[in-house]
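Trainee: A predicted structure for the sequence below; I have some questions about it.
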2 protein chains.
Amino acid sequence: MYVAIYPQTPSSALTSALLSCGYKPVPVSDVADAERREPEAGWSAAVVELGDDPGLSIAVARKLREDRAIPVLVIVDRTHTSDLEGVSGFDDFLLTPIDTSELRVRLGRLSIASLSDEADPVLRYRDLELNTATYQVTLGGDTRDLTFMEYELLRFFVEHPNRVWSREQILAKVWDYDYFGGSRTVDVHVRRLRAKLGEERSSWITTVRSVGYRFG
Amino acid sequence: MYVAIYPQTPSSALTSALLSCGYKPVPVSDVADAERREPEAGWSAAVVELGDDPGLSIAVARKLREDRAIPVLVIVDRTHTSDLEGVSGFDDFLLTPIDTSELRVRLGRLSIASLSDEADPVLRYRDLELNTATYQVTLGGDTRDLTFMEYELLRFFVEHPNRVWSREQILAKVWDYDYFGGSRTVDVHVRRLRAKLGEERSSWITTVRSVGYRFG
DNA sequence: CGCCGATGTGAACGCTGTGTTACAGATTCC
DNA sequence: GGAATCTGTAACACAGCGTTCACATCGGCG
């Protein structure tokens, strides 16, 4: 039961509370660090303390949650609760001073939620299967070799079907939030994806002229 | 912003905290009662206090959540937090004594979650449906292919029906504020739109001579 | 009834957006 | 260190679409 903690210098109250709940806290310096230190069994959750730079902490929380699919619990000082109003990017929060029983229950709820998500690591659309655990793709039973970017793009589409996404949105979600590439990049990858999907299924990705692309 | 409260005799602390957060608390005696008293705009959330009979309260919470799709916040005494361990059937919980800021944030998160689920991206007018998420148009169930500008114009009309718009206003709103094209452009697009709406429905767009057009 | 401005209609032109290909830098693998 | 693969960008061609024009039709008004 490993829990990633950000920032790297957690309060001792948090550390001891986690230990007494049966979790092993592992401080991480950023998202990439969390990826490197990820234990075999994966993170049960991530705990992010909102300190001097709430904006940065929330950004880290959001990346952990959305890119790495790690449930995030935010710790916030009771006098700064309103910092969280209208803010998204985390799954739950806890006020200081930390109540150990409350921490136990909240972390337990998060872990269960993430476990039930992991239950089936296979994304499906018609006869397409995307195994997010092995990064393999099968199409009507036949395996297809996709490159990393092709896979990421296809996963995005399968996870968010039946609506139009602009090139900018796709760049932000599939590439990176602060990626500044030309939007034609998306076109080319869509074309490569269509080619690998085959003539029959290439129409799964519809071009919506002067708007973007739609899957499904 | 109505909130259903169970059981029917809430603590005064809870009631006043809800009021100061801008919610209107409505005590309900059971699930059927919650259904009867449901306001026009629907429940923002339900708040369930865990009192003498936690099992019953949790059962009510689960029914509200699963059958009525109302987000449920459970209030539990700080000395009985462990009652919640491993228990499901609610969306979030809050410990007593109630911290008003915390209540505001937790209720806000619940309401947003339920709103984003309900958010309907479909504009309707009679048997016309404009799906703003997929950029698809259906007319009596049949999908119609509209070009980008046709779609934008139709959306403008559906969003602003029952009043006359001059060609200049339409150009400014649908094209661009600083667009300086001939106003006949609007005529042509209106014509194409009428053609695609079909003979029957083409009269939805009325020409108001020497003024402009009206939809609906 | 006849004139004139406003609008409907159809066609043509030119531009923007997209598909497609090619290529160069980056990265990985031997 | 070289080969092979992956990825981003540029260039080109084409199709779709928006705009404009020309002409037909309508509707009000004297």
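Mentor: That came through, no problem.

Trainee: what is the burial count for the nearest residue to A:Ser210 once chain neighbours are set aside?
Mentor: Leaving out its chain neighbours, the residue that sits closest to A:Ser210 by Cβ to Cβ, 6 or more residues apart in numbering or on different chains is B:Phe148, at 4.5 Å. From N, CA and C alone the C-beta is placed, and that goes for glycine too. Residues contacting B:Phe148 under the criterion other Cβ atoms under 10 Å in any protein chain shown number 12.

Trainee: tell me the spacing between B:Phe148 and B:Tyr125.
Mentor: Computed as Cβ to Cβ, to the nearest Å, the B:Phe148 to B:Tyr125 distance reads 20 Å.

Trainee: residue closest to the middle of chain A?
Mentor: A:Glu66 (2.3 Å; Cα atoms, centre = their mean).

Trainee: show me the contacts for that one.
Mentor: For A:Glu66, the contact set (Cβ atoms under 8 Å, 6 or more residues apart in numbering or on different chains) comprises A:Gly89.

Trainee: buried ones in the strand or helix carrying A:Gly55, by neighbour count?
Mentor: Per DSSP states H and E: A:Gly55 is located in helix A:54-66. Using 16 or more other Cβ atoms under 10 Å in any protein chain shown as the burial criterion, the residues of helix A:54-66 that qualify are A:54, A:57-58, A:60-65.

Trainee: can you list the residues you listed in a markdown table and add distance to A:Arg155?
Mentor: Conversion of those to a markdown table gives the following (distance: Cβ to Cβ, whole Å):
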| residue | distance to A:Arg155 |
| --- | --- |
| A:Pro54 | 31 |
| A:Ser57 | 27 |
| A:Ile58 | 25 |
| A:Val60 | 22 |
| A:Ala61 | 22 |
| A:Arg62 | 18 |
| A:Lys63 | 17 |
| A:Leu64 | 18 |
| A:Arg65 | 16 |
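
Trainee: out of those residues, which comes closest to DNA strand C?
Mentor: Of all these, A:Lys63 has the smallest distance to DNA strand C: 19.7 Å, by Cβ to the nearest atom of the strand.

Trainee: that closest one reaches A:Asp33, doesn't it?
Mentor: No - with contact defined as Cβ atoms under 8 Å, A:Lys63 does not reach A:Asp33; the gap is 11.7 Å.

Trainee: ok, stretch A:98-112 near chain B or not?
Mentor: Yes - interface with chain B: stretch A:98-112 contributes A:99, A:101-102, A:104-105, A:108, A:112 (Cβ under 8 Å from any Cβ of the partner chain).

Trainee: please indicate which of those residues are buried?
Mentor: For the residues of stretch A:98-112 next to chain B, buried by 16+ other Cβ under 10 Å: A:99, A:101-102, A:104-105, A:108.

Trainee: so among these, where is pLDDT lowest?
Mentor: pLDDT is lowest at A:Gly108 among these; the value there is 91.

Trainee: ok, now which ones touch the closest residue to that one other than its chain neighbours?
Mentor: Leaving out its chain neighbours, the residue that sits closest to A:Gly108 by Cβ to Cβ, 6+ apart is B:Glu85, at 6.3 Å. If you count contacts by Cβ under 8 Å, 6+ apart, B:Glu85 has them with A:104-105, A:108.

Trainee: strands of chain A, residue ranges please.
Mentor: Taking DSSP state E as the test, the strands found in chain A are A:2-6, A:24-27, A:43-49, A:72-76, A:92-95, A:122-125, A:128-131, A:136-139, A:142-144, A:164-166, A:205-208, A:212-215.

Trainee: which positions in chain A make contact with DNA strand C?
Mentor: Near DNA strand C, the residues belonging to chain A are A:184, A:187-188, A:190-191, A:194, A:207-212 when assessed by Cβ under 7 Å from any atom of the strand.

Trainee: low-confidence ranges in chain A?
Mentor: A:113-120, A:176-181 (pLDDT under 70).

Trainee: from A:Pro97, how far off is the residue nearest to the centre of chain A?
Mentor: Counting by Cβ to Cβ, the gap from A:Glu66 to A:Pro97 is 30 Å.

Trainee: ok, back up a step: for the residues of chain A next to DNA strand C, which one is nearest B:Val158?
Mentor: Closest approach to B:Val158 among the residues of chain A next to DNA strand C (Cβ to Cβ): A:Val211, at 17.5 Å.

Trainee: was I right about the closest one contacting B:Thr147?
Mentor: No - judged on Cβ under 8 Å, A:Val211 makes no contact with B:Thr147 at a distance of 11.0 Å.

Trainee: okay, and the common contacts of the two?
Mentor: Counting by Cβ under 8 Å, 6+ apart, A:Val211 and B:Thr147 have no contacts in common.

Trainee: returning to that earlier point: reformat the residues of stretch A:98-112 next to chain B as a markdown table; add distance to A:Ala133.
Mentor: What follows is these, written out as a markdown table (distance: Cβ to Cβ, whole Å):
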| residue | distance to A:Ala133 |
| --- | --- |
| A:Asp99 | 36 |
| A:Ser101 | 34 |
| A:Glu102 | 33 |
| A:Arg104 | 29 |
| A:Val105 | 29 |
| A:Gly108 | 24 |
| A:Ile112 | 19 |
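
Trainee: in helices only, show me those residues.
Mentor: Per DSSP state H, helices hold the following members of these: A:101-102, A:104-105, A:108, A:112.

Trainee: can you list the residues you listed in JSON lines and add distance to B:Ile5?
Mentor: Shown next, in JSON lines, are those (distance: Cβ to Cβ, whole Å):
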{"residue": "A:Ser101", "distance to B:Ile5": "24"}
{"residue": "A:Glu102", "distance to B:Ile5": "22"}
{"residue": "A:Arg104", "distance to B:Ile5": "27"}
{"residue": "A:Val105", "distance to B:Ile5": "22"}
{"residue": "A:Gly108", "distance to B:Ile5": "26"}
{"residue": "A:Ile112", "distance to B:Ile5": "27"}
